[in-house]
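Visitor: Fold the stuff below for me.
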Amino acid sequence: MGDLHWSNAEKQAARKAFDAAFERECRAIRAKVVQMLGAKDDVKQIWRLHDYLSEERRQVDRKYDYRYSKLDMVFGVLLREGWLKEAELSGLGQDKLQSIKVYASL
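Guide: Below is the predicted model:
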């Protein structure tokens with residue numbers, strides 16, 4: 001926690017992990033949308049879907065912050081929520097992994 005220096009290799013590993021978690025969460029949102037639409041012929045479902053997507057968008061936008069000064073916290077949250085796997089963080093230095101684990105435990 002604090003100012004961490006990210007090497008080029010760590011930046012590449014971080015981007016790959018970040019993108020994997022983002023895609024995983026977006027796929028889960030998509031699956032929920034498909035489920036919500038289902039076979040129901042309920043016009044009110046459109047507005048429930050809108051509300052759901054609006055809230056998910058706010059949460060995703062808040063959570064996925066790719067500033068290097070925030071990545072340890074972001075990765076900690078993603079680990080805790082299950083969107084990121086610890087193995088996907090290979091390539092990051094011990095200082096970053098330790099900080100990420102602290103955030104994941106909060």
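Visitor: for this protein, which spans come out with low pLDDT?
Guide: Along the chain, segments meeting pLDDT under 70 span 1-2, 39.
Visitor: buried residues in stretch 60-69?
Guide: For stretch 60-69, a neighbour-count test (16 or more other C-beta atoms under 10 Å) marks K63, Y64 as buried. C-beta: built from backbone N, CA, C; applies to glycine.
Visitor: Residues contacting it, please?
Guide: 3-4, 6, 11, 14-15, 18, 21-22, 25-26, 29, 71, 74, 77-78 (C-beta atoms under 8 Å, 6 or more residues apart in numbering).
Visitor: just the buried members of these?
Guide: W6, A14, F18, A21, F22, E25, L71, V74, V77, L78.
Visitor: Identify, from the residues you listed, the entry nearest to L53.
Guide: E25 (13.1 Å; C-beta to C-beta).
Visitor: Between which two of the contacts of stretch 60-69 is the distance greatest?
Guide: Maximum pairwise distance among these (C-beta to C-beta): 33.1 Å, between D3 and I29.
Visitor: circling back to that earlier point, just to be sure, which of the buried ones among the contacts of stretch 60-69 are found in helices?
Guide: Those of the buried ones among the contacts of stretch 60-69 mapping onto helices are A14, F18, A21, F22, E25, L71, V74, V77, L78, per DSSP state H.
Visitor: so how far is R57 from the residue lying closest to S90 once chain neighbours are set aside?
Guide: Spatial nearest neighbour of S90, excluding adjacent residues (C-beta to C-beta, 6 or more residues apart in numbering): A13 at 6.9 Å. Distance, A13 to R57, by C-beta to C-beta, to the nearest Å: 27 Å.
Visitor: same deal with D51?
Guide: 11 Å.
Visitor: ok, now Q98?
Guide: For Q98 relative to R57 (C-beta to C-beta), the value is 32 Å.
Visitor: Surely A21 and G82 touch.
Guide: No: using C-beta atoms under 8 Å, A21 is not in contact with G82; the gap is 9.4 Å.
Visitor: and the spatially closest residue to K32 that is not a sequence neighbour, how many neighbours?
Guide: Spatial nearest neighbour of K32, excluding adjacent residues (C-beta to C-beta, 6+ apart): Y52 at 7.1 Å. Using other C-beta atoms under 10 Å, the number of residues around Y52 comes to 15.
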